[in-house]
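**Student:** Prediction below, plus the sequence it came from.
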Amino acid sequence: EPEVTQTPSHQVTQMGQEVILRCVPISNHLYFYWYRQILGQKVEFLVSFYNNEISEKSEIFDDQFSVERPDGSNFTLKIRSTKLEDSAMYFCASRMGGYTFGSGTRLTVV
Amino acid sequence: GEDVEQSLFLSVREGDSSVINCTYTDSSSTYLYWYKQEPGAGLQLLTYIFSNMDMKQDQRLTVLLNKKDKHLSLRIADTQTGDSAIYFCAEFGGATNKLIFGTGTLLAVQP
């Protein structure tokens, strides 16, 4: 069964550093998403991406965040200058009809 | 805005049925989902229901949808210790194409 693949599974970074979280969506899907889950809290929408542009973003998705689909297969989330409160599990998802989630990247900012 | 609420905790004995409830606010939702999350793990899709259905059964899982009251439930028959996890309901559709997740219900199954 096709999968959404996320790398790395766990990343530790120092506050103020830039991180790039990577995702390979399912190849024939058209819609791509990033969600995040702070430990012990609910899953929150960050951004949706369609036709090579952002279609919707949440209040969380401020100027520190950006997304890119650089080569037609990867879908990346960049956090420019990480803060302690960015520590969370980040989930990528892709969709044609139904959603498929990746297994997540746990980001720890120290 | 859209909101999805769940009770925080449910404890059952092994072999009993579990019923996890969810309420949502967006009456134009087209799909409603149930996800399972084990500790430190990702989101596993359990089942979903179209908004024009009242019920869906899938092996031990039964989903009931009351669209008038915007109430969704997940019944797990013959609950096992391996069912212990956090269960999230999520709605999709309406004005946007994003999933709105509930607060999650921690299901604890006592042997």
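**Tutor:** Happy to help now that I have it.

**Student:** near chain B at all, stretch A:23-33?
**Tutor:** Yes: Stretch A:23-33 lies within reach of chain B by CB under 8 Å from any CB of the partner chain, at A:Tyr31, A:Tyr33. Every C-beta, even on glycine, is put in place using the N, C-alpha and C of the backbone.

**Student:** contact partners of that stretch?
**Tutor:** Contacting residues not belonging to stretch A:23-33 are listed as A:2-6, A:34, A:45-51, A:55, A:67, A:69, A:73-77, A:92-96, A:99-100, A:102, B:97-99 [CB atoms under 8 Å, 6 or more residues apart in numbering or on different chains].

**Student:** That one: end-to-end distance?
**Tutor:** 10 Å (CA to CA, to the nearest Å).

**Student:** repeat for stretch A:93-107
**Tutor:** First residue to last in stretch A:93-107 (CA to CA) measures 17 Å.

**Student:** Next one: that stretch, is it in contact with chain B?
**Tutor:** Yes: contact of stretch A:93-107 with chain B (CB under 8 Å from any CB) involves A:Ala93, A:Arg95, A:Gly98, A:Tyr99, A:Thr100, A:Phe101, A:Gly102, A:Ser103, A:Gly104, A:Arg106.

**Student:** that older thread, now the contacts of stretch A:23-33: which count as buried?
**Tutor:** Neighbour-count burial (16 or more other CB atoms under 10 Å in any protein chain shown) is assigned, among the contacts of stretch A:23-33, to A:4, A:6, A:34, A:45-49, A:67, A:69, A:75-77, A:92-95, A:99-100, A:102, B:97-99.

**Student:** Show me what the residue nearest to the spatial centre of chain A bridges to in the sheet.
**Tutor:** Chain A has A:Trp34 as the residue nearest its centroid, 3.7 Å off, counting by CA atoms, centre = their mean. Beta-bridge partners for A:Trp34, by DSSP bridges, are A:Val47, A:Cys92.

**Student:** Run through the residues that contact it.
**Tutor:** With CB under 8 Å, 6+ apart, A:Trp34 has these contacts: A:Leu21, A:Cys23, A:Leu46, A:Val47, A:Val67, A:Leu77, A:Tyr90, A:Phe91, A:Cys92, A:Ala93.

**Student:** Out of the residues of stretch A:93-107 next to chain B, the closest to B:Phe92 would be?
**Tutor:** Proximity of the residues of stretch A:93-107 next to chain B to B:Phe92 (CB to CB) peaks at A:Tyr99, which lies at 7.5 Å.

**Student:** surely that closest one meets A:Cys92?
**Tutor:** No: checked against CB atoms under 8 Å, the pair A:Tyr99 and A:Cys92 is beyond contact range at 10.7 Å.

**Student:** coming back round to it: sort out for me which of the contacts of stretch A:23-33 are in helices.
**Tutor:** Among those, no residue falls in helices (DSSP state H).

**Student:** So which of those are in strands?
**Tutor:** Counted as lying in strands by DSSP state E, out of those, are A:5-6, A:34, A:45-50, A:55, A:67, A:75-77, A:92-95, A:99-100, B:99.

**Student:** So which bits of chain A are right by chain B?
**Tutor:** So chain A meets chain B at A:31, A:33, A:35, A:42-45, A:48, A:55-56, A:91, A:93, A:95, A:98-104, A:106 (CB under 8 Å from any CB).
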